[in-house]
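> sequence first, predicted model second:
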Amino acid sequence: SNLGGVVVAAGRSTRMGGGDKTFAPLLGVPLIAHTLDQLEAFPPVAEIVLVLGAGSLEQGRALVRSRGYRKVVQVCSGGERRQDSVRNGLEQLSLCDWVMVHDGARPCLDQAILERGMAAAATCGAAVAGMPVKDTIKLVSEELLVTGTPDRSRLWAAQTPQVFHYSLLMEAHRDHAQTVTDDASMVEGLGHQVQMFQGSYENLKVTTAEDLVLAETFLRARTLVGD
């Protein structure tokens with residue numbers, strides 16, 4: 001069954017200190033290219049839509065041409081919120097049975113994570129990558145007083161990719177007006193089960209200059225072992 005990919009990279013990059021992090025050089029190629037390379041190489045993916053900030057569309061199209069991506073069918077602009085950007089991307093896909101949404105700012109994706117995502121989604125139609133949290137998490141009040149300490153053994157930090165039946169995710173987007181930070185929470189809002197699967201501690205989201213250094217370290221180690 002065919003799989004569409006929506007790569008969301010329309011954020012404002014406010015914490016990177018100027019410039020669109022989407023095109024920040026990472027091992028000599030733009031950050032977003034690492035994500036697109038992995039999706040392009042994943043056999044179940046039939047087509048990919050790249051969602052960018054309005055000011056980055058030309059740069060994105062030039063990248064798609066220069067790297068010869070055959071599966072990137074559309075480069076479109078994002079919306080006001082992340083979920084609006086995802087929705088824009090979903091609407092550009094042709095009829096897919098499945099859709100995989102991935103943050104463009106997570107360049108350390110690999111084929112094994114993609115495979116785990118597809119296997120997990122097959123169980124109930126919705127799956128989200130994540131990892132057990134390493135830190136103790138505190139709930140705090142507006143005055144920064146600790147109000148609780150949830151049991152760490154049951155806490156996972158959500159990542160992307162997140163994989164869904166296309167029709168299920170579209171229904172969730174149509175149904176959901178409140179602002180959310182990920183697609184899985186919309187599907188949860190429908191009362192639908194979501195399966196967690198193992199992402200990777202290396203599958204970090206690049207939001208600061210330090211993250212860029214870390215991502216480069218992870219990717220360099222991968223090329224040394226001949227991935």
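That came through, no problem. Remember, it's a predicted structure, so these values are computed and weren't measured experimentally. Numbering: from 1, shown residues only.

> pull up the distance across stretch 47-61, start to finish.
15 Å (Cα to Cα, to the nearest Å).

> oh sorry, the question was meant for stretch 83-102
Using Cα to Cα, the two ends of stretch 83-102 sit 12 Å apart.

> who does the helix or strand that contains L63 touch, helix- and strand-wise?
With elements taken from DSSP states H and E, the one containing L63 is helix 57-67. Counting contacts by 3 or more Cβ pairs under 8 Å, 6 or more residues apart in numbering; DSSP states H and E, helix 57-67 packs against helix 31-41, strand 45-52, strand 72-77. Where you see a C-beta, it was placed from the backbone N, CA and C, and this is true even at glycine.

> could you check the angle the second one makes with helix 31-41?
For the pair strand 45-52 and helix 31-41, the angle between their directions (axes from the mean of the first three to the mean of the last three Cα atoms, to 10 degrees) equals 160 degrees.

> residue boundaries of the strands in the chain?
Listed from the start of the chain, the chain has strands (DSSP state E) covering 3-9, 25-26, 29-30, 45-52, 72-77, 98-103, 126-132, 139-140, 146-148, 156-165, 195-198.

> could you point out which of the helices and strands packed on helix 57-67 sits nearest K21?
Taking Cβ to Cβ as the criterion, K21 comes closest to helix 31-41 out of these, the separation being 6.4 Å.

> which elements pack onto the closest one?
strand 3-9, strand 45-52, helix 57-67, strand 98-103, helix 111-124, helix 209-224.

> which of the ones you listed sits closest to K138?
helix 209-224 (22.7 Å).

> in the chain, what helix or strand scores lowest on average pLDDT?
helix 209-224 (a mean of 90; mean pLDDT, DSSP states H and E).

> contacts made by that one with the rest, please.
16-17, 21, 24, 26-27, 31, 34, 107-108, 110, 202, 204-206 (Cβ atoms under 8 Å, 6 or more residues apart in numbering).

> filter these to the buried ones?
16, 21, 24, 26, 31, 34, 107-108, 110, 202, 204-206 (16 or more other Cβ atoms under 10 Å).

> and the gap between the nearest residue to P25 once chain neighbours are set aside and T160?
In space, and not counting its chain neighbours, P25 is closest to L31: 7.6 Å by Cβ to Cβ, 6 or more residues apart in numbering. Distance, L31 to T160, using Cβ to Cβ, to the nearest Å: 15 Å.

> now swap in T181 and tell me
Using Cβ to Cβ, T181 is found at 11 Å from T160.

> which one of the two is surrounded by more residues?
With neighbours defined as other Cβ atoms under 10 Å, T181 and T160 compare such that T160 has more, 28 against 10.

> which residues are in contact with K21?
K21 neighbours (Cβ under 8 Å, 6+ apart): G11, S13, L31, A105, V206, T207, L212.

> give me the buried positions along stretch 214-222.
Buried residues in stretch 214-222 (16+ other Cβ under 10 Å): A215, E216, F218, L219.

> of the residues you listed, closest to P44?
When those are ranked by distance to P44 (Cβ to Cβ), L219 comes first, at 23.1 Å.

> that closest one and Q193, how far apart?
Counting by Cβ to Cβ, the gap from L219 to Q193 is 34 Å.

> the nearest residue to G125 once chain neighbours are set aside: neighbouring residues, count only.
The shortest distance from G125 to any non-neighbouring residue, by Cβ to Cβ, 6+ apart, is to H165 (4.3 Å). For H165, the count of nearby residues is 19 (other Cβ under 10 Å).
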